[in-house]
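# need a structure here:
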Amino acid sequence: MPELPEVETVRRGLEPVLVGARLSRVEARRPDLRFPLPEGFVQRLTGAVIIRLDRRAKYLLAPLDRGDVLVMHLGMSGRFEIARPEGAARPGEFLYAADPDPKHAHVVFETEAGGRVTYYDPRRFGYMALIPAQTLADHPWFAGLGPEPLSEAFGAAHLVRAFTGRRQGAKTLLLDQRVVAGLGNIYVCEALHRARISPLKPAGAIAASKVAALVQAVRDVLAEAIAAGGSTLRDYAAADGALGYFQHRFAVYGREGEPCATPRCRGTVVRTQQAGRSTFHCPTCQR
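Model (predicted):
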């Protein structure tokens, strides 16, 4: 599943085409994705102006001039293709991925300026909704979300409070969207390695100074991944077709059996299972 940097990269790719644009035509080629499309989906979007394009956790949010917010989630394999009057940008040339198949083109947005954005989703785990702006914060998808990891609200004090007295591993809590919104498996593994904290260590046993280092590591790894265009693993590509290269910088993720990248560490990266997910870490330098 695309993680925060991938979703942010998609947001930035779509922004020049969609923000400030009036939707002249919307086509829903099927009535549902993961969930049924909202009633009147096409009619409610046609003619609307997209005021801006935001991101909350792994959701894309497009507030409309009519008072609704178009909410989009990429799921496992959702991708956008952008076609402009000057030429198309197809997000297909990336690691292990095939070109978008027209039979998986489920939703099409066209703008008065001639832009065209097509949503592809072979597995149909993504979804879209129209939610009134005034009720968005109270919607079940958003009401329980923690702070954004790149926001001022996500600081050492917040994470210390979240970790205090908890027996779960640090990784488990960082993946809890109620603790911090948008973090996923890849970047949590990488941040814990940078902070030299074991993903298996009970969160309540981590010193406050180490928690502060972890907050900074989370910020750094996300910022670097966004700058690189995300990880571009299997089913993800940037909305404008750009490749993401952060996967070449992974210190632990996917590197089972390889030497630890920490200078002067002679450890070896291992893979364990936590809550059904692969965890990669170095037992030698992550304590």
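
# just checking, M72 is part of a strand?
Yes. Assessed with DSSP: H, G, I helix; E, B strand; the rest coil, M72 lies in a strand.

# can you give me the strands for this protein?
23-28, 54-56, 59-63, 68-73, 79-84, 87-89, 105-111, 116-120, 127-132, 270-274, 277-281 (DSSP state E).

# can you give me the helices in the stretch 101-250 of the chain?
156-163, 170-174, 185-195, 208-228 (DSSP state H, counting those that start in this stretch).

# ok and the third one relative to helix 208-228, angle-wise?
Using axes from the mean of the first three to the mean of the last three Cα atoms, to 10 degrees, one finds that helix 185-195 and helix 208-228 are set 130 degrees apart in direction.

# shift numbering so it begins at 58
Noted, 58 is the first residue going forward, which turns the last one into helix 242-252.

# CA atoms of helix 242-252 as PDB?
Written as PDB, here are the backbone C-alpha positions of helix 242-252 (Å, rounded to 0.1, in the frame of the first residue of the first chain):
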ATOM      1  CA  ASN A 242       5.600  -0.300   7.600                       C
ATOM      2  CA  ILE A 243       8.500   0.800   5.400                       C
ATOM      3  CA  TYR A 244       9.200   4.200   6.900                       C
ATOM      4  CA  VAL A 245       8.700   3.100  10.500                       C
ATOM      5  CA  CYS A 246      11.300   0.400  10.000                       C
ATOM      6  CA  GLU A 247      13.700   3.000   8.500                       C
ATOM      7  CA  ALA A 248      13.000   5.600  11.200                       C
ATOM      8  CA  LEU A 249      13.500   3.100  14.100                       C
ATOM      9  CA  HIS A 250      16.800   2.100  12.500                       C
ATOM     10  CA  ARG A 251      18.000   5.700  12.300                       C
ATOM     11  CA  ALA A 252      17.100   6.300  16.000                       C
END
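
# what does it rub up against?
60-62, 227-228, 231-232, 255-256, 267, 270-271, 273-275, 277-279, 282, 288, 290, 307-310, 319, 334-339, 342-343 (Cβ atoms under 8 Å, 6 or more residues apart in numbering). Every residue, glycine included, has its C-beta placed from N, CA and C.

# out of the helices of the stretch 158-307 of the chain, nearest to L90?
helix 242-252 (23.1 Å; Cβ to Cβ).

# just how off-centre is that closest one within its chain?
15 Å (Cα atoms, centre = their mean, to the nearest Å).

# avg pLDDT for it?
Averaged over helix 242-252, pLDDT sits at 96.

# buried set for that helix?
Residues of helix 242-252 classed as buried by neighbour count (16 or more other Cβ atoms under 10 Å): 242-252.

# hang on, the earlier thing: among the helices of the stretch 158-307 of the chain, which comes closest to V174?
helix 265-285 (20.8 Å).

# can you give the domain ranges for this protein?
Domain assignment for the chain by automatic domain parsing gives 61-195, 213-338.

# which among these is found nearest to G203?
Once those are compared by Cβ to Cβ, domain 213-338 is nearest, at 4.7 Å.

# starting at the chain centroid, how far to stretch 82-102?
Worked out by Cα atoms, centre = their mean, stretch 82-102 lies 23 Å from the chain centre.

# measure it end to end?
8 Å (Cα to Cα, to the nearest Å).

# go through it and flag the buried ones.
83, 85, 90, 94, 98, 101-102.

# format the residues you listed as JSON lines; extra columns: distance to R112 and pLDDT.
Below are these laid out as JSON lines (distance: Cβ to Cβ, whole Å; pLDDT from 0 to 100):
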{"residue": "V83", "distance to R112": "21", "pLDDT": "98"}
{"residue": "A85", "distance to R112": "23", "pLDDT": "98"}
{"residue": "L90", "distance to R112": "19", "pLDDT": "97"}
{"residue": "L94", "distance to R112": "21", "pLDDT": "98"}
{"residue": "F98", "distance to R112": "21", "pLDDT": "98"}
{"residue": "R101", "distance to R112": "22", "pLDDT": "98"}
{"residue": "L102", "distance to R112": "19", "pLDDT": "98"}
